[in-house]
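Chemist: Following is a predicted model, sequence given first.
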Amino acid sequence: MDGRQIRINRMFTENKCVVIAVDHGFFDGPIPYMENLPETVKKINPVVDAVLIAPGMLRHCQSIFAQPKSPLAVVRLNWNTVYCFHLNYRKARSIYAYDVKDAFREGMDVALVSLTLRTGDEERDAENVENFANLVNQAHELGIPVIGEYFPTGHMDMTPDELHDDVLLGARVVAELGADLIKTFNTKDFAKVTESCPVPVLGLGAEKLPTMLDALKLAEKEAKAGAGGVVFGRNAIQVSKPFEFQQALCDVVRYGLAPEEAVAKYGLK
C-alpha cells in the first residue's frame, strides 16, 4: 500500500470522516471566531479526522497537528476569485497559491484543490481545469492524496435544480481528473451526486445554520445520502461549544447517532 492510500485510509473512521475547515481567511480575511487562527485551532477537537487550512497558516497552527492522534493537515493549494463575494468578483478565475513541494515541507498531509466551471468564459474554464489537473498530478507524484473541491459559479443565485445539475456534472469532472475524494455542496438529490462518483464525496456545511441541531441534521442528511463524510467550518467553530459540537458531529457522521440524541448527550442548544 503506497503512502497516498495509507493517508486516505487514515481519514476514514468507520468509512466516514469529519473535516473541520478554518481556511476562511484565505478569501475573507478575519471573520468572527476566526480572527486569531492559532487561538482558533485550539477550539478543534482532536477526535476529528482532519483540519482544512491555508498554506501560510500551517506554521502558525502546529499545536493542533503536534499532539498524539492529531488530525491530518489538509492544505488548500489554489486561490479562486469565486470565493471572494465581498470583493464582488464574478469571473471565477483560479491561480496557483502554493507549490505542492513547499506545502509538503511545511507539513501538509492531504492537498485540497478546487475547480470552478461554467464561468461564462470557455477559455477560463479550460485554464481552471489545467490548473486543477497540474496540481493534482504534482501531488500524486509525491504520494499526496487530493481532495478535489467543486464549487459552482454563482451558487447563491441558483435554483435547487440548477445547483444540483451543476454539482452533479462538476463532481464527476473532478473525479475524472484524478481526485481521491471530493468536497462539494449538498443538493436536492445528493445521493445522485455520491452515486455518480467512484471516490468518496464529502458534503459541505456551507453557510452558518441557526442552531447546532440544524447543523447536525444537515450532516446526518448528507451521510444518509451516501457521503463519505463532511467538511464543516462556520457551523463547527462559530458555536458556543465547539469541542462538544465536533464530538457530536463525529458521532452523527461516523456512528449514525440521531442529531437530537447527540444534542442531549453533549448539552448542546
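Modeler: Great, that's in hand. Numbers count the residues shown, from 1 in each chain.
Chemist: could you pull out the strands for the stretch 1-150 of the chain?
Modeler: Taking DSSP state E, counting those that start in this stretch to define them, one finds strands in the stretch 1-150 of the chain at 17-21, 50-53, 72-76, 78-80, 94-96, 110-115, 146-150.
Chemist: Tell me what angle the last one forms with strand 17-21.
Modeler: Angle, strand 146-150 to strand 17-21, by axes from the mean of the first three to the mean of the last three C-alpha atoms, to 10 degrees: 70 degrees.
Chemist: okay, strand 146-150 in PDB with CA atoms only?
Modeler: Once non-C-alpha atoms are left out, strand 146-150 reads as follows in PDB (Å, rounded to 0.1, in the frame of the first residue of the first chain):
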ATOM      1  CA  VAL A 146      -6.000  15.100  -3.100                       C
ATOM      2  CA  ILE A 147      -9.500  16.300  -2.100                       C
ATOM      3  CA  GLY A 148     -10.900  17.900  -5.200                       C
ATOM      4  CA  GLU A 149     -13.400  20.700  -4.400                       C
ATOM      5  CA  TYR A 150     -16.100  21.500  -6.900                       C
END
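Chemist: low-scoring stretches of the stretch 51-200 of the chain, by residue?
Modeler: Residues of the stretch 51-200 of the chain meeting the criterion pLDDT under 70: 81-95, 155.
Chemist: picking up where we left off before, including mean neighbour count and distance to Leu268, could the strands of the stretch 1-150 of the chain go into CSV?
Modeler: Backbone N, C-alpha and C define where each C-beta goes, glycine included. Putting these into CSV (neighbours: other C-beta atoms under 10 Å; distance: least, C-beta to C-beta, whole Å) gives the following:
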stretch, mean neighbour count, distance to Leu268
strand 17-21, 26, 16
strand 50-53, 26, 21
strand 72-76, 25, 25
strand 78-80, 21, 33
strand 94-96, 17, 37
strand 110-115, 27, 28
strand 146-150, 28, 28
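Chemist: Go through the ones you listed and name the closest to Gly170.
Modeler: strand 146-150 (3.8 Å; C-beta to C-beta).
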